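Q: give me a 3D structure for the following:
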Amino acid sequence: MFIIGFLTWKYKSAIYELRPYKKKESVHGDARWATEEDIKKANLRVKKGMLLGEDKKGYLVADGYQHTLLFAPTGSGKGVGFVIPNLLYWENSVVVHDIKLENYELTSGWRSKKGQEVFVWSPADPDGNTHCYNPIDWVSSKPGQMVDDVQKIASLIMPEKEFWNNEARSLFVGVVLYLIADKNKIKSFGEVVRTMRSDDVVYNLAVVLDTMGNEIHPVAYMNIAAFLQKADKERSGVISTMNSNLELWSNPLIDTATASSDFNVLEFKKKLTTVYVGLTPDNLKRLQPLMQVFYQQATEFLSRKLPSDDEPYGVMFMMDEFPTLGKMEQFMTGIAYFRGYH
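A: The predicted structure is shown next:
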C-alpha cells in the first residue's frame, strides 16, 4: 500500500509540475508595489467606504463593508493615521471603542456637523457625564423573543462554565422577566442587584409568585419557583454566584449609566448615529464584563435580519485597542457573516 501510494503521489506531482498555468518562479521573489491597474482591479478607487490610504492619484478606499485589521506597535500612529481619518471620512453610523475619549475630542464636532446624532457612553465617568445604555431596554416585547433576549444577556454575564453559574443564570432570567412585568420596578441590572440583596430575598421572591404569578412570564414563574424549591445551602450558593457576577452594577456610577437608554442600536441603520464608548485605562479590566455585554448585544441585534429599504445606512464598529475587551464569542463566530448585515 505504501509503494502504490508513493507512486501515485509521484505521478500527481509530475502532472502538477507540467501544468500549463504554472506561475514562473522567481529566485528573489516577485512582490512589487501595486500599479494603478492593480488598484482599480481591487476596487480601491471608490468614493465611499473604509479609508485605507492615499497615493498621488487620490484616496485608496475599500468598497463595501469589509473587515479591516490594523496591527502595529504602540506609538506607531494607528490613531492619527487610520482611526481619526476614518471617523472624519466615514459617512454612515459608527460605534467607537474610545479609550480616554481622544477620538471623541477630535472628531465628534465634525460628525455632528455632518448630521450625525452623537452620544458618549462613559459609564465610569466620575462626574456622571455620560449618556446611558440599558441592555434590558433592547429586550423584545414579544413573549418568545423576550426570553431568548434575556437568556443571551445572562450567558454574556455568566458564561456556561459550572453548576453554580447555570443555576444563577436561570434565576437571573427569572428575576429580569419579573422586573419587566412589574410596572412599578426599574428594569435594569442595578434593580436586579437590589432585588437579590434585599433583606430576605427568598421570602420576597415567594411573595412575587403569590401576588404576581398570573402577570409575570411563565418562564419567570418557573425559574423563580425552581430556585425557591432548592435546599437552603443550594439557594445560598446560587445567590452568592449571582451577586458575584453582578458586583459591578452595585457601583452607583455603573447603575445610573445602565438604568436607561439614550440611544437604540436598532435605529443605527435608519438614522445617522455616532456612539463613542469611553473608559479610562484604570477601568479596562473592571468594566470588561459591561463592555462585552454592550458590544456582543449590539452586534447580535444588528445581524438579526438583512437591511430593509428603510435602513439605508451601514454601521461601522471602530474597535480601537480591541484586545482590551478580551475574548468575545459573538465576534469570533460573527466575523464570518457580519458583513452581509452592514
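
Q: how distant is stretch 245-254 from the center of its chain?
A: In terms of CA atoms, centre = their mean, to the nearest Å, the centre of stretch 245-254 is found 19 Å from the chain centre.

Q: cool, and stretch 188-196?
A: On the basis of CA atoms, centre = their mean, stretch 188-196 sits 23 Å off its chain's mean C-alpha point.

Q: measure how buried Gln151 is and give me the count.
A: Neighbour count of Gln151, defined by other CB atoms under 10 Å: 17. From N, CA and C alone the C-beta is placed, and that goes for glycine too.

Q: how about it: what's its closest non-neighbour residue?
A: If the residues on either side of it in the chain are set aside, Gln151 comes closest to Val173, at 5.7 Å by CB to CB, 6 or more residues apart in numbering.

Q: what about the helix or strand hosting that neighbour, distance to the chain center?
A: Using DSSP states H and E, Val173 sits within helix 163-181. Distance of helix 163-181 from the chain centroid (CA atoms, centre = their mean) equals 22 Å.

Q: any buried residues in the helix or strand following that helix, and which?
A: Next helix or strand after helix 163-181 toward the C-terminus (DSSP H and E): helix 189-196. Counting neighbours by 16 or more other CB atoms under 10 Å, one finds that the buried residues in helix 189-196 are 189-193, 195-196.

Q: show me where the stretch 101-250 of the chain has helices.
A: Remark: helices assigned in the stretch 101-250 of the chain by DSSP state H, counting those that start in this stretch are 102-113, 143-157, 163-181, 189-196, 201-212, 218-228, 232-245.

Q: can I get those helices in JSON lines with distance to Val95 and mean pLDDT?
A: Formatted as JSON lines, the helices of the stretch 101-250 of the chain follow (distance: least, CB to CB, whole Å; pLDDT from 0 to 100):
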{"stretch": "helix 102-113", "distance to Val95": "11", "mean pLDDT": "97"}
{"stretch": "helix 143-157", "distance to Val95": "17", "mean pLDDT": "93"}
{"stretch": "helix 163-181", "distance to Val95": "24", "mean pLDDT": "93"}
{"stretch": "helix 189-196", "distance to Val95": "20", "mean pLDDT": "98"}
{"stretch": "helix 201-212", "distance to Val95": "36", "mean pLDDT": "97"}
{"stretch": "helix 218-228", "distance to Val95": "31", "mean pLDDT": "98"}
{"stretch": "helix 232-245", "distance to Val95": "25", "mean pLDDT": "94"}
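
Q: now stretch 66-79: average pLDDT?
A: Averaged across stretch 66-79, pLDDT comes to 87.

Q: which helices and strands does the helix or strand where Leu290 lies pack with?
A: Element membership of Leu290, judged by DSSP H and E, is helix 288-302. Secondary-structure packing of helix 288-302 (3 or more CB pairs under 8 Å, 6 or more residues apart in numbering; DSSP states H and E): strand 93-99, helix 143-157, strand 273-279, strand 315-319, helix 329-334.

Q: what sits up against the longest one?
A: Spelled out, that is helix 143-157. For helix 143-157, the external contacting residues (CB atoms under 8 Å, 6 or more residues apart in numbering) are 135-136, 138-140, 169-170, 172-173, 176-177, 180, 217, 219, 245-246, 289, 292-293, 296-297, 300.

Q: great, nothing more from me.
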